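Asks: Whatever this is, show me its structure:
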Amino acid sequence: MAAGGKKPKTATTTAAKKQKSKHFTPELLSLISAATSAAQSFLLHNDIHLLPSQILSLESLFSSLSSHFPSLPPSLPTYPSFFPSFLSTFSNPSDLQWLRFFRMSHHTFSHLLSLLFPVLSSSLPSFPPDAALAATLFRLSHGASYKSLARRFGFPSSADACRVFYTVCKGINEKLGNLVDFRDNLGRIVVGFGWISLPNCCGVLGFGSFGVEGELLGKNGSLLVQALVDSEGRFLDISAGWPSTVRPESVLHQSKLFSGVEESREFLNGPAYELGDGNLIPQYILGDSCFPLLPWLITPYMRSNEEDSFGSAEKEFNAVHSRAMGLVGAALGSVKARWQLLGKKWKEECVEFFPFVIVTGCLLHNFLIKYSEPMPDDDVVCLKEEELPVYEGEVDDNGRRIRDTLAEHLSRVSLRR
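Replies: Alright, predicted model coming up:
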């Protein structure tokens with residue numbers, strides 16, 4: 001399924017490698033072989049104590065050596081006892097190796113396993129549920145190949161490792177899907193934005209991009225994810241898998257969020273908030289400049305030409321709006337940093353599965369916020385998303401009025417500080 005894409009070895013390729021190895025003396029080849037065997041033995045006996053990046057780098061070197069020197073051991077060693085050894089060695093809930101290998105503590109891993117156990121037991125009867133979950137988190141965390149998972153977690157083949165990975169992702173989508181629900185805890189969401197001077201705000205809407213190799217989506221193509229987040233960086237709504245060739249407003253109009261506000265009226269239908277000057281502000285969300293300005297989707301002020309200048313109210317609104325938009329970038333950046341598989345470009349032949357895995361990463365993000373899991377120190381990065389074109393269509397008059405009212409409110413709040 002997603003494990004393909006490699007060209008088969010040919011007799012010509014093998015002959016070329018053998019010819020290349022003839023440039024080395026038998027003594028040197030013997031030394032290389034001995035050093036490789038010693039390094040493999042070291043990895044076999046010490047892998048649980050190394051950093052995952054060190055493990056994967058060593059495996060990559062072994063594969064490279066094996067391809068250049070056919071006389072070396074033909075394959076990497078297997079580690080059937082890796083996870084049992086890990087469990088017995090790092091049984092203390094505070095052991096940092098859990099964070100390094102699986103991006104969550106032992107305690108939180110156990111909570112997640114208890115939620116997924118019934119699904120994994122029935123869907124993967126041949127594999128221990130804890131090993132299946134650990135293998136999936138290891139691949140998500142470090143971008144490990146299916147071959148690496150099979151060697152390390154005892155799966156018979158790469159195809160089995162692939163099946164385990166997608167089965168666990170499916171279970172996560174089923175069991176954690178309730179953690180992304182715009183209707184839940186709306187009161188808490190509004191209060192959270194109130195602390196940053198945004199009355200009656202119900203979220204911040206923006207985009208993230210996830211790279212795809214090849215020309216399927218054009219040069220430097222990617223998949224877009226429309227994400228709504230709260231003031232704490234939780235995902236409230238996710239619409240994933242849109243080609244980067246699709247305009248942002250088209251994504252918005254085809255999303256469940258849009259239909260939930262404009263058609264079914266199930267979202268943003270709560271009471272208006274009365275400001276100090278008596279003006280009423282309905283429930284709304286903030287949106288990036290690539291979106292249209294609507295009564296419920298408030299975008300920043302944009303200059304129509306270089307000579308235009310903003311007043312103090314417009315400047316204050318844009319400053320607050322920009323800080324709020326940073327919540328979307330931080331949430332998506334956290335997903336890519338914690339789950340490094342999502343930060344890599346995916347192959348064209350795997351692209352249909354990519355949105356599914358992206359949503360899996362976002363659900364785990366919410367789950368880890370729920371259990372107060374910190375970001376691993378080595379993965380705290382600031383990822384800047386590519387800028388999308390500014391919306392140039394018509395401006396809604398009610399949206400303009402609400403934005404002006406908010407801007408005046410924020411300007412007054414700023415003067416009182």
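
Asks: For stretch 408-416, C-alpha coordinates in CSV please.
Replies: The C-alpha trace of stretch 408-416 is given here as CSV (Å, rounded to 0.1, in the frame of the first residue of the first chain):
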residue,chain,number,x,y,z
GLU,A,408,-12.9,50.4,18.5
HIS,A,409,-13.4,48.1,21.5
LEU,A,410,-9.8,46.9,21.3
SER,A,411,-8.5,50.5,20.9
ARG,A,412,-10.3,51.5,24.1
VAL,A,413,-9.0,48.4,26.0
SER,A,414,-5.5,49.3,24.8
LEU,A,415,-5.7,52.8,26.1
ARG,A,416,-6.8,51.6,29.6
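
Asks: Give me the below-cutoff pLDDT ranges for this protein.
Replies: Regions of the chain meeting the criterion pLDDT under 70 cover residues 1-24, 29, 65-80, 218, 305-308, 376-386, 415-417.

Asks: Where do the strands of it begin and end?
Replies: 201-211, 222-229, 235-243, 273-274, 280-281, 284-287, 297-298 (DSSP state E).

Asks: and the angle for the second one with strand 235-243?
Replies: Relative orientation of strand 222-229 with respect to strand 235-243: 170 degrees, computed using axes from the mean of the first three to the mean of the last three Cα atoms, to 10 degrees.

Asks: Adjacent strands (with direction) for strand 222-229?
Replies: Sheet pairing of strand 222-229 (DSSP bridges) gives strand 201-211 (antiparallel), strand 235-243 (antiparallel).

Asks: of all the strands of the chain, which lies closest to V320?
Replies: Closest to V320 of those, according to Cβ to Cβ: strand 284-287, at 8.9 Å. The C-beta positions use only the backbone N, C-alpha and C, and glycine is treated the same way.

Asks: from the middle of its chain, how far away would that closest one be?
Replies: Relative to the centre of its chain, strand 284-287 is centred 22 Å away, using Cα atoms, centre = their mean, to the nearest Å.

Asks: isn't F207 right up against R247?
Replies: No. Taking contacts as Cβ atoms under 8 Å, F207 lies outside contact range of R247: 11.1 Å.

Asks: Between those two, tell me which one has more neighbours.
Replies: Each of F207 and R247 has its neighbours counted (other Cβ atoms under 10 Å); F207 has more, 24 against 13.

Asks: Now do the buried residues in whichever helix in the chain runs longest.
Replies: Counting by DSSP state H, the longest helix found in the chain is helix 312-338. For helix 312-338, a neighbour-count test (16 or more other Cβ atoms under 10 Å) marks 313-318, 320-321, 324-325, 327-329, 331-338 as buried.

Asks: about what we covered before: would CSV of the strands paired with strand 222-229 with distance to A159 be doable?
Replies: Output for these, formatted as CSV (distance: least, Cβ to Cβ, whole Å):
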stretch, distance to A159
strand 201-211, 25
strand 235-243, 24
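
Asks: Nearest to L116 among these would be which one?
Replies: strand 235-243 (19.3 Å).

Asks: still on that earlier bit, which of the strands paired with strand 222-229 sits most buried?
Replies: Of all the strands paired with strand 222-229, strand 201-211 has the most neighbours on average by mean count of other Cβ atoms under 10 Å, namely a mean of 24.
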